[in-house]
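Sequence and predicted structure are below.
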Amino acid sequence: MDLSQRSMSNITTYIRDCTDFLGNITIDQAFIDYRNQMMWKFRSNGRDEKTRLMHADCLIIEYSMVQSAFAEESYCKEFDFEVRKYNAKVDVKIFDKWFNIPSDKVDWYLNNINKGLLTHFAFYRWVSKPTEPLEAGNVVQVKLIEVRSAEEVMKNLNVSNYDGY
């Protein structure tokens, strides 16, 4: 196994172990406040407020990783959290069936990779997908599907049926 594969294996194992440790995540008011403060990361794209809140609920992963001291907080929108031990700047994606990159974001991701502001994508699914925006007291769980280098993801894009890749 070459060094890049070993490095990837290590960050993957680390994020998987952290996710498993988080287990059932109880939503607290501090997360709700964080989600509402960080909604600027999400373009509205014609979504109603409920849908936009539900998309912002995916912030629970980065929030939980930082609150549990498994990762460092990101103060920009180019990545969601950093794991300095692995020199990893990770963008979290929760998806159902597909991960779609809108056409206008391809260059943005590539620029972030080239600037060293994005190194990995961590793909997750909800164990039981919420049907309403999260509220304090809710309990959720996510499952890590895989961690991939951002370069690898971008090199393997295919044209989507949904205006993107």
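Cool, got the structure. Numbers count the residues shown, from 1 in each chain.

From now on I want contacts and neighbour counts done on CA atoms only, so please keep to that.
OK.

so for the helix or strand hosting Asp91, what's the average pLDDT?
In this structure, Asp91 is located in strand 88-94 according to DSSP states H and E. Averaging pLDDT along strand 88-94 gives 96.

Could you tell me the angle between the helix or strand following that strand and strand 88-94?
Per DSSP H and E, the first helix or strand lying C-terminal to strand 88-94 is helix 106-114. Between helix 106-114 and strand 88-94, the angle comes out at 150 degrees (axes from the mean of the first three to the mean of the last three CA atoms, to 10 degrees).

pLDDT averaged over helix 106-114 - what is it?
Per-residue scores along helix 106-114 average to 94.

Identify all contacting residues around the helix or strand just after that helix.
Downstream of helix 106-114, the next assigned helix or strand under DSSP H and E is strand 120-126. The contact list for strand 120-126 (CA atoms under 8 Å, 6 or more residues apart in numbering) reads 88-96, 140-151, 153.

Can you list the buried residues in strand 120-126?
120-125 (16 or more other CA atoms under 10 Å).

just checking, what packs against the next helix or strand after it?
Counting by DSSP H and E, the next helix or strand C-terminal to strand 120-126 is strand 139-140. Using 3 or more CA pairs under 8 Å, 6 or more residues apart in numbering; DSSP states H and E, the elements in contact with strand 139-140 are strand 25-26.

picking up where we left off before, tilt between the strand holding Asp91 and strand 120-126?
Using the same axes, to 10 degrees: strand 88-94 against strand 120-126 is 30 degrees.

Output strand 88-94 as PDB, restricted to C-alpha atoms.
The C-alpha coordinates for strand 88-94 follow below in PDB (Å, rounded to 0.1, in the frame of the first residue of the first chain):
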ATOM      1  CA  ALA A  88      -7.400  16.800   6.400                       C
ATOM      2  CA  LYS A  89      -9.800  19.600   5.600                       C
ATOM      3  CA  VAL A  90     -13.100  17.700   5.300                       C
ATOM      4  CA  ASP A  91     -16.400  18.700   3.600                       C
ATOM      5  CA  VAL A  92     -19.300  16.600   5.000                       C
ATOM      6  CA  LYS A  93     -22.100  15.500   2.600                       C
ATOM      7  CA  ILE A  94     -25.200  13.700   3.700                       C
END
